[in-house]
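Asks: can't give you the sequence, but here's the structure:
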């Protein structure tokens, strides 16, 4: 049971580029503020800073769109080089119309533009005249989270969640969701009660990693690149190995809205 | 900017029934723990405890299903009296199949079973042999939130959000969402940047009230009826009058998944 939860942003993180050691930067910035990570902390990290550290920058001026991307780009009225990049990150198109392209990402989740980010997407050392730049999601966010987990605390006694901000069907505005998880189970089975359908209520499974991602998104706030790492203290969880954000993705054949 | 956020559950709230004064109970339980509400706090309240206090109990044994409800109940393999209640709370059916009935609620959001709750749904004084009982969502959650806001602090210098736990397309598990809001804007426009579509990025609008609801759902935890009120301290918001959770509901004609 959680009775008290504290969330704070890691202060003063710099704009990172490819190859920067994110864990070392976080530990350094915490120490500079006389803060430290405790056993049981959950460290929330935006996908953007992970992508930047992992060098997932794409210079769209160097992308050659396929014929299919050119066609789709005309249909949704977007830059064909962006559409090419989005398709290369996706397994299928979920919905499309002028101004909107929602895909099922190769990592299993459904989101607009495959999570490709166009704001603050240039590398720190971008040559003059290069770009426009785009930033793709980390290649394997679960693995990124696990690396950070071990690097932030050698005994692994914390959890790391990599987050992105997703739009949603039916609801206005974005919330944070977990796209990479290490150290805690992303789902919590709550009660196992049965409803009048005679079935175990789906509502008894809480998407804990997404709840945490929504919280960290709130704290990361108006300039996600300035507060990209948030520590959550007070989450009551049992450490696990082998966690994956895939558990949060409903397969297309089990989805009423696929 | 939020740099530090604290969330705590109001301890020791009793199981409430119709007519109970929720605000008085919350203030009493806070005082008993030497806690108090501060200006700028956001008080998160589950719909279940609001519904109970407002007497939204329905004895399904007294419900007579319509012919349409009987037909739909056969199709989704559910109790026809429950389906009747769900339809009476809804404006349209969004998706249906055996074991699942997703509707657009009269309040504008899309959710399973119109948010009708079957667990811990009986009134404290239910006569022997009555039921099964169901609990409908509050009639006007924005108004409920506004009443609580004024009752919890006469100067209105706090916000109140009424939450429910929703399942979601594409993703496994539930998260909290805001179904009633008073005192703060449920959406935050973040940056107004433009993407390669030339449009203002939808991703610059954060669903703050839903982020907060996800957080409180996490704290309310495994027995939502035991920690149904959570106080969040440190949210940086400007007090507003006339807020509504309707702003979080995308109209069907603007929704790719309607």
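Replies: Now that the structure is in, tell me what you want to look at. Here the structure is a predicted model, which means the values were calculated and not measured.
Asks: and the host helix or strand of residue A:213, what's its mean pLDDT?
Replies: Using DSSP states H and E, residue A:213 maps to helix A:208-220. Helix A:208-220 comes out with an average pLDDT of 96.
Asks: same question, stretch A:153-160
Replies: According to the model, stretch A:153-160 has a mean pLDDT of 91.
Asks: can you tell if it touches chain B?
Replies: No: applying Cβ under 8 Å from any Cβ of the partner chain, one finds stretch A:153-160 separated from chain B by no less than 13.3 Å. Any C-beta I mention is one placed from the backbone N, CA and C, and that applies to glycine too.
Asks: Let me see the residues that make contact with that stretch.
Replies: For stretch A:153-160, contacts defined as Cβ atoms under 8 Å, 6 or more residues apart in numbering or on different chains pick out A:37-45, A:145-146, A:148-150, A:152, A:180-184, A:235, A:237, A:239, A:241, A:243.
Asks: Show me which of those residues are buried.
Replies: A:37, A:40-45, A:145-146, A:148-150, A:152, A:180-184, A:235, A:237, A:239, A:243 (16 or more other Cβ atoms under 10 Å in any protein chain shown).
Asks: Now do residue A:58 against residue A:131, distance only.
Replies: 9 Å (Cβ to Cβ, to the nearest Å).
Asks: More neighbours: the two, which one.
Replies: Set residue A:58 next to residue A:131 and count neighbours by other Cβ atoms under 10 Å in any protein chain shown: residue A:58 wins out with 21 against 17.
Asks: Next, give phi and psi for that one.
Replies: Per-residue torsions, residue A:58: phi -130, psi 120 (degrees, to the nearest 10).
Asks: OK, contacts around it?
Replies: Contacts of residue A:58 (Cβ under 8 Å, 6+ apart): A:85, A:116, A:133-136.
Asks: so what's it scoring on pLDDT?
Replies: Residue A:58 is given a pLDDT of 97.
Asks: Is there a neighbour count for the closest residue to residue A:211 other than its chain neighbours? I'd like the number.
Replies: Excluding its sequence neighbours, the residue lying closest to residue A:211 (Cβ to Cβ, 6 or more residues apart in numbering or on different chains) is residue B:218, at 4.0 Å. Residue neighbour count, defined by other Cβ under 10 Å, stands at 26 for residue B:218.
Asks: Then residue A:129?
Replies: Neighbour tally, residue A:129, other Cβ under 10 Å: 6.
Asks: coming back round to it: what are the buried residues along the helix holding residue A:213?
Replies: Going by 16+ other Cβ under 10 Å, helix A:208-220 has these buried residues: A:208-220.
Asks: could you say what helices and strands it packs with?
Replies: Using 3 or more Cβ pairs under 8 Å, 6 or more residues apart in numbering or on different chains; DSSP states H and E, the elements in contact with helix A:208-220 are strand A:4-9, strand A:42-46, strand A:159-168, strand A:171-182, strand A:229-233, strand B:4-9, strand B:171-182, helix B:208-220.
Asks: just checking, residue A:17 touches residue A:52?
Replies: Yes: shown here, residue A:17 and residue A:52 form a contact pair, counting by Cβ atoms under 8 Å, at 6.2 Å.
Asks: Which residues are in contact with each of these two?
Replies: Shared contacts of residue A:17 and residue A:52, defined by Cβ under 8 Å, 6+ apart, comprise residue A:123.
Asks: And these two? Which one has more around it.
Replies: residue A:52 (28 against 15).
Asks: check contacts around residue A:45.
Replies: If you count contacts by Cβ under 8 Å, 6+ apart, residue A:45 has them with A:22, A:145, A:148, A:160-163, A:228-229.
Asks: Next: residue A:242.
Replies: Residue A:242 neighbours (Cβ under 8 Å, 6+ apart): none.
Asks: What are the phi and psi values at residue A:150?
Replies: Torsion angles, degrees, to the nearest 10, at residue A:150: phi -70, psi -40.
Asks: Can you report how many residues lie near residue A:64?
Replies: As a measure of burial, residue A:64 has 8 neighbours, counting by other Cβ under 10 Å.
Asks: re earlier: now do the helix holding residue A:213 against strand A:4-9, angle only.
Replies: 50 degrees (axes from the mean of the first three to the mean of the last three Cα atoms, to 10 degrees).
Asks: pLDDT-wise, which helix or strand of chain A ranks last?
Replies: strand A:188-189 (a mean of 88; mean pLDDT, DSSP states H and E).
Asks: and that one, what does it pack onto?
Replies: Here strand A:188-189 touches strand A:205-206, going by 3+ Cβ pairs under 8 Å, 6+ apart.
Asks: residues in the stretch 1-150 of chain A within reach of chain B, list them.
Replies: Contacts of the stretch 1-150 of chain A with chain B, taken as Cβ under 8 Å from any Cβ, map to A:1-9, A:11, A:60, A:76-79, A:82, A:95, A:97, A:99-100, A:102, A:109-110, A:112-113, A:118-119, A:132.
Asks: change it to 6 Å
Replies: A:1-9, A:78-79, A:82, A:95, A:99, A:110, A:118-119 (Cβ under 6 Å from any Cβ of the partner chain).
Asks: Can you pull out the low-pLDDT segments for the stretch 101-250 of chain A?
Replies: The stretch 101-250 of chain A contains residues with pLDDT under 70 at A:191-203, A:222-225.
Asks: go with 50
Replies: A:195-197, A:199-200, A:202, A:224-225 (pLDDT under 50).
Asks: Please parse chain A into its domains.
Replies: As assigned by automatic domain parsing, chain A contains the domains A:1-55+A:138-248, A:57-136.
Asks: Show me how far the last one is from its chain's centre.
Replies: Domain A:57-136 has its C-alpha centroid displaced from the chain centroid by 17 Å (Cα atoms, centre = their mean, to the nearest Å).
Asks: if I read this right, residue A:250 contacts residue B:172, doesn't it?
Replies: Yes: between residue A:250 and residue B:172 there is a contact under Cβ atoms under 6 Å: 5.2 Å.
Asks: Residue A:51 should be in a helix, yeah?
Replies: Yes: counting by DSSP: H, G, I helix; E, B strand; the rest coil, residue A:51 is found in a helix.
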